[in-house]
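Asks: Okay, here's the prediction I keep looking at, along with the sequence it came from:
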Amino acid sequence: MALDTDDPKSGFRHSEVVLFINEEVTRNGGGPGFYLTFRSRPWKDIEDGLKSVVIDTHVPRSIKRACAWSALALGVRVAVRQQEKQLRRVQQLHDQVEEHEAATWTLATDLQRLREERDEVVSELLSAKNNLKQVVLERDMLQRKLVEFELSQQLLAESQDADYPGTPPRPLIVNKSREALDKGLQNGQNAVSPKAQMASLTVLDAFHGAEEFPASSA
């Protein structure tokens with residue numbers, strides 16, 4: 001018997017069809033040889049094998065018919081095998097599509113998270129920039145107050161020397177102090193030292209107070 005009725009890979013669903021093909025193969029003098037030889041071969045090899053039998057003038061016509069029935073059964077088997085292969089390929093493609101969709105979703109989620117992190121970093125940088133600007137302003141204000149304090153101490157001593165001979169008049173000291181202070185502010189503290197700037201400010205305040213309230217003579 002060429003075909004096995006219990007073979008799930010034969011491609012035939014009805015046992016009656018399998019029995020009929022086996023009967024035709026046997027009735028024409030054939031056997032399971034041709035079927036078993038090409039059972040796992042592709043259709044190209046099956047057709048080539050059938051051709052070699054058909055064109056052989058020494059092979060009886062009945063044997064040729066038997067081989068033709070076996071080739072028919074093998075063609076059904078090949079078709080089922082190709083169908084199963086295609087179904088596996090379709091399933092693989094389906095799985096790949098699902099994997100790509102999952103990867104795309106993951107990438108989209110990561111991209112959204114990175115955008116949120118970027119926005120947060122930008123916000124923090126802007127806040128830090130504003131805080132730095134405020135700190136710089138406060139530093140400049142404190143630096144100016146420090147310079148004023150140091151100059152006040154220096155000018156206090158200079159104002160006491162103004163009554164001695166050889167000391168420039170108070171208006172002259174005031175004008176020089178004001179000029180030094182203005183020049184220092186314009187040139188970025190390169191022209192006048194912080195102590196000189198503070199001294200100028202203190203001189204201005206001290207001498208203005210002295211002119212408004214002159215000391216009474218002893």
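Replies: That came in fine, so what should we check first?

Asks: just the helices in this structure please.
Replies: Assigned by DSSP state H, the chain shows helices spanning 15-27, 33-37, 43-54, 61-160, 170-186, 194-212.

Asks: Could you list the low-pLDDT ranges of this structure?
Replies: Scanning the chain for pLDDT under 70 picks out 1, 160-218.

Asks: any idea which residue sits dead centre in it?
Replies: When CA atoms, centre = their mean is applied to the chain, the residue found nearest the centroid is residue 111 (6.3 Å).

Asks: separation between that one and residue 154?
Replies: Distance of residue 111 to residue 154, computed by CB to CB, to the nearest Å: 63 Å. For the C-beta atoms, the positions are set from N, CA and C on the backbone; glycine is no exception.

Asks: same question, residue 19
Replies: Taken as CB to CB, the span from residue 19 to residue 154 is 126 Å.

Asks: rewinding a little: possible to save the helices of the chain as CSV with distance to residue 9?
Replies: Below are the helices of the chain laid out as CSV (distance: least, CB to CB, whole Å):
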stretch, distance to residue 9
helix 15-27, 12
helix 33-37, 13
helix 43-54, 15
helix 61-160, 6
helix 170-186, 99
helix 194-212, 99
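
Asks: out of those helices, which comes closest to residue 8?
Replies: Closest to residue 8 of the helices of the chain, according to CB to CB: helix 61-160, at 9.2 Å.

Asks: what's the angle between the closest one and helix 43-54?
Replies: Helix 61-160 and helix 43-54 are oriented at 160 degrees to each other (axes from the mean of the first three to the mean of the last three CA atoms, to 10 degrees).

Asks: what's the angle between helix 61-160 and helix 15-27?
Replies: Using the same axes, to 10 degrees: helix 61-160 against helix 15-27 is 130 degrees.

Asks: and residue 114, how many neighbours?
Replies: Applying other CB atoms under 10 Å, we find 10 residues neighbouring residue 114.

Asks: now do residue 150
Replies: Residues within reach of residue 150, counting by other CB under 10 Å, total 19.

Asks: and what of residue 21?
Replies: 21.

Asks: Please apply the same query to residue 128.
Replies: The burial count for residue 128: 10, using other CB under 10 Å.

Asks: got it, and residue 120?
Replies: Using other CB under 10 Å, residue 120 has 10 other residues around it.

Asks: any idea how far residue 11 is from it?
Replies: Residue 120 is 64 Å from residue 11, by CB to CB.

Asks: Neighbour count: residue 19 and residue 154, which is higher?
Replies: Using other CB under 10 Å as the criterion, residue 19 and residue 154 rank with residue 154 on top: 17 against 14.

Asks: roughly how far apart are that one and residue 144?
Replies: As judged by CB to CB, residue 154 and residue 144 stand 16 Å apart.

Asks: same check, this time on residue 9
Replies: Plainly put, residue 9 is 97 Å away from residue 144 if you go by CB to CB.

Asks: before we move on, what about residue 37?
Replies: From residue 37 to residue 144 the distance is 106 Å (CB to CB).

Asks: How about residue 126?
Replies: Taken as CB to CB, the span from residue 126 to residue 144 is 27 Å.
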